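Colleague: Kindly generate the corresponding structure for this input.
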Amino acid sequence: MTLNDLYDTILARKTADASSSWTAQLLAKGPEKCAEKFGEEAIEAIIEAVKNDKPALTSEAADVLYHLLVMLAARDVPFSDVMDELTRRQTQSGIAEKESR
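Modeller: Alright, predicted model coming up:
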């Protein structure tokens, strides 16, 4: 599965019955709840990274990616826009990019 595939699945769940899908339930709670859930998962990933628990970090990283895509979908941000931004950033150094903010 690619991140594009996952994002497409999430988009399909936006119109699904909330009783049929965890993703549909989460999206039905609104963008704020999706953002909150993303934050929770990011913190859990940080904890596992600090503990150096690679299997747990792997699991939490998958949760972070999933919830990031749900959050983007909740705010109607196309995943392709995020990928385009990453592509744009490849044309300059990370240091130069940070200085431009």
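Colleague: ok, Leu6 touching His67?
Modeller: No - because the distance of 11.0 Å does not satisfy CB atoms under 8 Å, Leu6 is recorded as not touching His67. The way it works is simple: take the backbone N, C-alpha and C, and place the C-beta from them, glycine included.
Colleague: of these two, who's got more company?
Modeller: With other CB atoms under 10 Å as the criterion, Leu6 and His67 differ in neighbour count, and His67 comes out ahead with 21 against 17.
Colleague: distance of Lys51 from Glu60?
Modeller: From Lys51 over to Glu60 the distance is 11 Å, taken as CB to CB, to the nearest Å.
Colleague: typo on my end, it should be Ala49
Modeller: When CB to CB is the yardstick, Ala49 and Glu60 sit 8 Å from each other.
Colleague: now do Leu86
Modeller: With CB to CB as the criterion, Leu86 and Glu60 are 22 Å apart.
Colleague: Repeat that for Thr87.
Modeller: For Thr87, the distance to Glu60 equals 27 Å [CB to CB].
Colleague: And these two? Which one has more around it.
Modeller: Counting neighbours by other CB under 10 Å for Thr87 and for Glu60 shows that Glu60 has the greater number, 20 against 9.
Colleague: residues in contact with that one?
Modeller: Residues in contact with Glu60 (CB atoms under 8 Å, 6 or more residues apart in numbering) are 41, 44-45, 47-48.
Colleague: Name the residue closest to the centre of the chain, please.
Modeller: What sits nearest the mean C-alpha location of the chain, by CA atoms, centre = their mean, is Leu68, with 1.3 Å.
Colleague: With that, I have no additional questions.
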